[in-house]
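Q: With the input below, show me the fold.
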Amino acid sequence: MEFNLPNALTWARIVMIPMVLAVFFLPAEMLSPHHQNAVACALFVVAAVTDWFDGYLARRLGLTSAFGAFLDPVADKLMVCAALVLLVWLDRCNVLLAFIIIGRELTISALREWMAQLGKSRSVAVSFIGKLKTTAQMVAIPLLLFQDDLLGLPIHKMGVILMWVAAVLTLWSMIYYMRKAMAVLNEK
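A: The predicted model follows:
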């Protein structure tokens with residue numbers, strides 16, 4: 001394992017995951033529900049920003065590595081899946097939407113592993129639709145964590161709408177990747 005700044009940021013993101021969850025288990029004397037929401041939202045946003053920043057630094061500084069390429073998507077999936085389970089537990093996210101998103105993440109991860117074993121990993125490389133899906137998730141989750149209206153904006157309602165958008169994009173991207181993989185498999 002190489003230790004460098006991008007990998008350290010990825011590890012920091014992994015460490016923040018249980019911190020986001022732990023906030024909601026603190027007694028009300030330590031943090032009010034409003035403050036729990038704000039702290040969890042802030043931690044998630046910091047983790048999401050490190051996701052962009054670690055990739056940028058790795059490319060910019062020439063610090064890309066096989067370990068970083070492995071760990072980064074694992075951290076992303078852990079972060080999203082843990083947040084979705086938490087949001088379902090808090091009754092802020094529809095369980096079907098969480099199931100669709102988590103199921104897609106597991107399916108596409110397995111598909112990418114399989115395609116890599118066949119030497120065809122480029123055929124299921126991240127696409128624009130996958131990036132849109134990730135963006136929708138990374139905006140919806142903090143909105144649902146924050147929960148409270150802000151400056152007159154219905155934050156929870158906005159988060160719910162974006163989560164539905166994320167679920168639709170999730171299904172669309174899964175179909176896209178499956179079709180790409182089937183085209184490769186049909187060649188064989």
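Q: Count the residues that sit near residue 92.
A: Residue 92 has 20 neighbours, counted by other CB atoms under 10 Å. Just so you know, the C-beta spots here come from the backbone N, C-alpha and C atoms, and that holds for glycine as well.
Q: An error on my part: the question was meant for residue 108.
A: 22.
Q: which residues are contacting whichever strand or helix holds residue 73?
A: For residue 73, the element it lies in under DSSP states H and E is helix 66-89. Applying CB atoms under 8 Å, 6 or more residues apart in numbering, the contact partners of helix 66-89 are 1-2, 4, 6-7, 10-11, 13-14, 16-18, 20-21, 24, 44, 47-48, 51, 54-55, 58, 93-95, 97-98, 101-102, 105, 109, 134, 137, 141, 144-145.
Q: Which parts of the protein are helices?
A: 5-23, 33-60, 66-89, 95-117, 128-146, 155-187 (DSSP state H).
Q: out of those, deepest packed?
A: Ranked by mean neighbour count, the helices of the chain are led by helix 128-146 with a mean of 21 (mean count of other CB atoms under 10 Å).
Q: And the contacts of that one?
A: Against helix 128-146 from outside (CB under 8 Å, 6+ apart): 20, 37-38, 40-41, 44-45, 48, 51, 76, 80, 83-84, 86-87, 92-93, 101, 155-156, 158-160, 162-163, 165-166, 169-170, 172-173, 176-177.
Q: Quick one: mean pLDDT over it.
A: Average pLDDT, helix 128-146: 92.
Q: In CSV, could you pull the C-alpha coordinates for that helix?
A: Extracted C-alpha coordinates of helix 128-146, given in CSV (Å, rounded to 0.1, in the frame of the first residue of the first chain):
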residue,chain,number,x,y,z
PHE,A,128,-21.4,10.4,-18.0
ILE,A,129,-24.7,8.9,-16.8
GLY,A,130,-22.8,7.2,-14.0
LYS,A,131,-21.4,10.6,-13.0
LEU,A,132,-24.9,12.2,-13.1
LYS,A,133,-26.2,9.5,-10.9
THR,A,134,-23.4,10.0,-8.4
THR,A,135,-23.9,13.8,-8.4
ALA,A,136,-27.7,13.4,-7.7
GLN,A,137,-26.9,11.0,-4.8
MET,A,138,-24.2,13.2,-3.4
VAL,A,139,-26.6,16.2,-3.3
ALA,A,140,-29.7,14.3,-2.2
ILE,A,141,-28.0,12.6,0.8
PRO,A,142,-26.8,15.7,2.5
LEU,A,143,-30.2,17.3,1.9
LEU,A,144,-31.9,14.4,3.6
LEU,A,145,-29.4,14.3,6.4
PHE,A,146,-29.9,18.1,7.1
